[in-house]
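In: pasting the sequence and the predicted model now:
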Amino acid sequence: MSPLSIFWHRRDLRLDDNHGLFRALQGDVPVLPLFILDRNILDDLEDRDDARVTFIHQELERLQAEYRAAGGDLRVEYGFPLEVWEKLLNTLPIKAVYTNRDYEPYARERDAGVEKLLAKHDIPLHTFKDQVVFEYDEVLKDDGSPYTIFTPYSRKWKALLEETGIPSYPSQALLGNLSKVLDLNNLPSLDSIGFATSPLQFPSSEVPQGLIKNYGATRDFPTIQGTSRLGIHFRFGTISIREKAHKARDLSETYLNELIWRDFYAMILAHFPHVVGRPFKKAYENIEWRNDPAEFQAWREGRTGYPIVDAGMREARRHGLHAQPRAHGRRQLPDQAFAHRLAMGRGLVCPQAPRLRPGQQQRRLAVGGGMRHGCGALFPGVQPDGAAGEIRSGAEVYKEMGTGVWHGQVPRPNCGAQNGQGKVFDHI
């Protein structure tokens, strides 16, 4: 059997504008694409119908069909990565391995182990930037330290983009260099790896250009499908971040900012890996959370009695995502700002008001007493209705609350804060 290279798919389930695949296909030997259903991840999942596993499986079916249509194949293995690579090294004449970089702590540990194993066989592991526009070490403060605040980070990010532009990697044009040795084994079924198909319907990877163009004007209205719902596609790389960033530059700076948030959080994760399991700020580790399993389950099922919270959670249970914006600044709804802080335990709505200690806040919320702005405007707490009722979509409940923007019971504040910045992280 002639030598070949392997391109290892992970969070890049696409043929087009795939940096690592492009570099592999430029090589002098045929390329065999590979995906590993990683038991280190799958064995830890509690839900056997986990929607992420179903999504990945569906995308692997699509990707394998596309490779076969191009005269190649996608090899899919199920197991622990090091054991899978041991098997491949014993059965295939591998000359080089190509892959796109991943920045999560487990992924970095996994890749270091695989690189060490390959090195024992004198096989290089070539890695490339693909899932972000700028990596964690490309946008730094002038002193070389990482940013911890988004706004200055975004300014430098945009300045760097003006200098470098956005490259593209036409990998789909090089598919003639795929290995012609077909695996012919079907993709392992979900059942064979211990999972069942999720009932959720996943959003399309195609978004109307008009939605992105009007994103800044529509994203804050829960009754309007004004967000892209591309989060899961960005997460698993079924679409190109570079392509979307290029289009966003021309269509919507607001949407471009949302893509910058992705790079920002990837940078935070790389420089501060403790955020995987602990708060970013050590002081927050001492917050005493009320741990009531029944209350937590009610929140998960959309049965808290707070309409804006329940609407978002019910929609999330039905569709896997929801239209409710997260409250983070000056333009958000008071009800949603209240709901976000109810869920997150983050204190009052208005930055001019004094913060409450966790116990004080819980008591205030428990009695439905509302929250007072520092300027004196009172936001009445939405009184629990005490009944779950029929599970409806979030949009239906939002419409019941009035225009979907300002709840009829809630006055506009007269301070400059006006409920928050209004970040919508539909890509997280």
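Out: The structure has been received and is ready for your questions. Since the model is a prediction, treat every value here as computed from it, not as a measurement. Numbering: from 1, shown residues only.
In: what's near enough to touch residue 64?
Out: With contacts taken as C-beta atoms under 8 Å, 6 or more residues apart in numbering, residue 64 has the following neighbours: 73, 74, 76, 187. For the C-beta atoms, the positions are set from N, CA and C on the backbone; glycine is no exception.
In: let me fix that, I meant to ask about residue 116.
Out: Contacts for residue 116 were tallied using C-beta under 8 Å, 6+ apart; there are none.
In: so it sits in a helix?
Out: Yes - under DSSP: H, G, I helix; E, B strand; the rest coil, residue 116 falls within a helix.
In: hmm, residue 203 is touching residue 232, no?
Out: Yes - contact status for residue 203 versus residue 232: in contact at 7.1 Å, counting by C-beta atoms under 8 Å.
In: comparing these two, which residue is more hemmed in?
Out: Neighbours per residue (other C-beta atoms under 10 Å) separate residue 203 from residue 232, with residue 232 holding more: 22 against 19.
In: any idea how far residue 25 is from residue 100?
Out: Applying C-beta to C-beta, to the nearest Å, the value for residue 25 to residue 100 is 14 Å.
In: the two: which is more packed in?
Out: Between residue 25 and residue 100, counting by other C-beta under 10 Å, residue 25 is the more crowded of the two (24 against 21).
In: for that one, what are its contacts?
Out: Contacts for residue 25 were tallied using C-beta under 8 Å, 6+ apart; they are 7, 31, 171, 174, 175, 177, 178.
In: does residue 82 really touch residue 111, like I thought?
Out: No - Residue 82 is beyond contact range of residue 111, at 11.0 Å (criterion: C-beta under 8 Å).
In: ok, the two, which is more surrounded?
Out: Under the criterion of other C-beta under 10 Å, the comparison of residue 82 against residue 111 puts residue 111 first, with 18 against 14.
In: that one contacts residue 100, correct?
Out: No - applying C-beta under 8 Å, one finds residue 111 not in contact with residue 100, separated by 10.4 Å.
In: what touches both of those two?
Out: Common neighbours of residue 111 and residue 100 (criterion: C-beta under 8 Å, 6+ apart): residue 127.
In: count of neighbours near residue 273?
Out: Residue 273 has 15 neighbours, counted by other C-beta under 10 Å.
In: actually residue 310, sorry about that
Out: 26.
In: so what's it closest to, chain neighbours aside?
Out: Counting by C-beta to C-beta, 6 or more residues apart in numbering, residue 310 lies nearest to residue 302, which is 4.0 Å off, once chain neighbours are set aside.
In: the one you found and residue 146, how far apart?
Out: To residue 146, residue 302 is 37 Å away according to C-beta to C-beta.
In: could you do residue 264 as well?
Out: In this structure, residue 264 and residue 146 are separated by 10 Å, where distance is defined by C-beta to C-beta.
In: can you check residue 233 too?
Out: Going from residue 233 to residue 146 by C-beta to C-beta gives 27 Å.
In: helix, strand, or coil at residue 160?
Out: helix.
In: where in the stretch 1-150 of the chain is pLDDT low?
Out: In the predicted model of the stretch 1-150 of the chain, no residue satisfies pLDDT under 70.
In: do a quick rundown of the strands in it.
Out: Counting by DSSP state E, counting those that start in this stretch, one finds strands in the stretch 1-150 of the chain at the ranges 4-9, 31-38, 75-79, 94-100, 125-128.
In: of all those, which one is nearest residue 290?
Out: Closest approach to residue 290 among those is made by strand 31-38 (35.4 Å; C-beta to C-beta).
In: domains of the protein?
Out: Following automatic domain parsing, one finds the domains of the chain at 1-129, 288-400.
In: on that earlier part again, and residue 233 and residue 146? which has more neighbours close in?
Out: Neighbour comparison, residue 233 and residue 146: the larger count goes to residue 233, with 25 against 16 (by other C-beta under 10 Å).
In: what sits against that one?
Out: By C-beta under 8 Å, 6+ apart, the contact set of residue 233 is 203, 205, 239.
In: what sits closest to the last one if chain neighbours are left out?
Out: Ranked by C-beta to C-beta, 6+ apart and with sequence neighbours excluded, the top spatial neighbour of residue 239 is residue 233, at 4.6 Å.
In: ok, now how distant is that neighbour from residue 13?
Out: As it turns out, when the distance is counted by C-beta to C-beta, residue 233 lies 9 Å from residue 13.
In: swap in residue 170?
Out: The gap separating residue 170 from residue 13 is 18 Å, by C-beta to C-beta.
In: and these two? Which one has more around it.
Out: Comparing residue 170 with residue 13 by neighbour count (other C-beta under 10 Å), the higher total belongs to residue 13, at 21 against 11.
In: quick one, what contacts that one?
Out: Shown here is residue 13, whose contacts under the criterion C-beta under 8 Å, 6+ apart are 35, 56, 59, 60, 63, 236, 237, 238.
In: quick check: closest non-adjacent residue to it.
Out: Leaving aside its sequence neighbours, residue 13 sits nearest to residue 59 (C-beta to C-beta, 6+ apart; 4.6 Å).
In: from residue 318, how far off is the one you found?
Out: In this structure, residue 59 and residue 318 are 21 Å apart, going by C-beta to C-beta.
In: in terms of neighbours, single out the busier of these two.
Out: A count of neighbours by other C-beta under 10 Å puts residue 59 above the other of residue 59 and residue 318, at 21 against 17.
In: got the phi and psi for residue 246?
Out: When quoted as degrees, to the nearest 10, the phi and psi of residue 246 stand at phi -60, psi -40.
In: so what's residue 177 closest to, chain neighbours aside?
Out: Distance criterion C-beta to C-beta, 6+ apart; nearest residue to residue 177, sequence neighbours excluded, is residue 25 at 4.7 Å.
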